[in-house]
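Student: prediction below, plus the sequence it came from.
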Amino acid sequence: MIANTLRKTFQTPSEKDDQKIAVEVKSFLQPSTISEFHTAVGQFLNYRRALRATEPDRRLYLAVPLETYKGFFALPFIREGVEEFQLLLLVYDAEEKVISLWQK
């Protein structure tokens, strides 16, 4: 449901502040958050490579739920991975259906 909201808000491909962006939305609803994180990172890295080849001026964001960001993404190992892989995060509140944070 939030994915549809994001798509309606940002119409993929999207532009934010005159910047072209693409958003990969993840819900993190499965029992193993670390497994979902590994999948999300792998997909993100592949999508970013594809965008570099086809639309090098478009920036890719990984959209994650606020609760997951506040808990799981606060873990040192995860923070280090986000930094190491240069993941750009978009944090959304699924209940309020709003974007809580854009990380540039």
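Tutor: Arrived safely, thanks for sending.

Student: what about stretch 97-104, average pLDDT?
Tutor: Confidence for stretch 97-104, expressed as mean pLDDT, is 88.

Student: least trustworthy helix or strand in this protein by mean pLDDT?
Tutor: For the chain, counting by mean pLDDT, DSSP states H and E, helix 2-10 ranks last in confidence among helices and strands (a mean of 46).

Student: show me the shaky parts of the protein.
Tutor: 1-17 (pLDDT under 70).

Student: please redo it, this time with the cut-off set to 50
Tutor: Scanning the chain for pLDDT under 50 picks out 1-13.

Student: give me the residues contacting the top helix by length along it.
Tutor: Scanning the chain for the longest helix, with DSSP state H as the assignment, gives helix 33-54. Residues from elsewhere that reach helix 33-54, judged by C-beta atoms under 8 Å, 6 or more residues apart in numbering: 22, 24, 26, 28, 30, 58, 60, 62, 64, 68, 72, 78, 81, 85, 87. C-betas here are computed from N, CA, C, even on glycine.
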